[in-house]
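In: got a predicted structure here, sequence first:
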Amino acid sequence: MKPVIGITTDIDGDRKHQLNTNYVTAITRAGGLPFILPIGVEGDAKQIAHMLDGIILTGGGDIDPTLFDEEPHALLGEVTPTRDALEIKIAKEMLQVNKPILGICRGLQILNVALGGAVIQDIHSQCENTILQHSQKAPRSHTSHFVQVEKASILESITETPTIKVNSFHHQAVKDVPEPLKISGTASDDIIEAVESTAHDFVVGVQWHPEALAEYGEAVSLRLFNTFVEKCKESRS
Ligand code: MN
């Protein structure tokens, strides 16, 4: 039996669910059975966590800053409270039962918020450093900036090198990293690009979009999805 992997979705103004098919393809290609999660099922988060063998918290818009006790900054983008509620509840349930989580872009951020952390609402106006172009103008298949990978991290076991190049489509980033998360990747402007849990078998968040790179056969992204699906398989047995 293939491991069943939940994939969270977005909802647009016309109340249509949205999901980039790259996530589905990346999971299918790595040997998992993708299971697309609708908005509004957070009341059944416990049952969903029981059904799933792992979850991808996908990319998307901004996170409601009141969830980490901040007022909305002028440059905050569109928020989706129903989506925030679902993802936080499911992330907490999955953490509780130690099932694999892969947080991608916004998914890394929502994982951080679920654990009590905060998000920088707009890095370009709120960070003092000179900030890299994290909202790259190049296509999604292009890797535009470097990430330094922490030694002896899960991420390093996947990248197999201390430096990787990633694509980048974000104007927010995690501000602090609550326990049991630790930083596993950083950009040269100190923006946190990857985190992982020190207390779970596989809880990894990346600020870039490996699902878009996997489509083009980029090796690190393929290994990331393969490792994630393998861990989901283990969590099933
Ligand atoms: Mn970036």
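Out: That came through, no problem.
In: check contacts around the residue nearest to residue 150 when sequence neighbours are not counted.
Out: Nearest residue to residue 150, sequence neighbours excluded (CB to CB, 6 or more residues apart in numbering): residue 184, at 4.6 Å. C-betas here are computed from N, CA, C, even on glycine. Residue 184 makes contact with 149, 150, 153, 154, 155, 156, 194, 195, 196, 204, according to CB atoms under 8 Å, 6 or more residues apart in numbering.
In: let me know the pLDDT of the closest residue to the ion within the chain.
Out: At 3.3 Å from the ion, residue 168 is the closest residue in the chain, using CB to the ion. For residue 168, the pLDDT comes out at 97.
In: thought it was touching residue 136?
Out: Yes. Counting by CB atoms under 8 Å, residue 136 is a contact partner of residue 168 at 4.9 Å.
In: and those two? Which one has more around it.
Out: Higher neighbour count among residue 168 and residue 136: residue 168, with 23 against 18, using other CB atoms under 10 Å.
In: wait, what's in contact with the more buried one?
Out: Per CB under 8 Å, 6+ apart, neighbours of residue 168: 132, 133, 134, 135, 136, 144, 145, 207, 208.
In: the ion next: which of the residues you listed are close?
Out: residue 134 (CB under 5 Å from the ion).
In: which of the contacts of residue 168 count as buried?
Out: 132, 134, 136, 144, 145, 207, 208 (16 or more other CB atoms under 10 Å).
In: can you report phi and psi for the nearest residue to residue 81 once chain neighbours are set aside?
Out: Leaving aside its chain neighbours, residue 81 sits nearest to residue 64 (5.5 Å; criterion: CB to CB, 6+ apart). The phi and psi values for residue 64, taken as degrees, to the nearest 10, are phi -60, psi 110.
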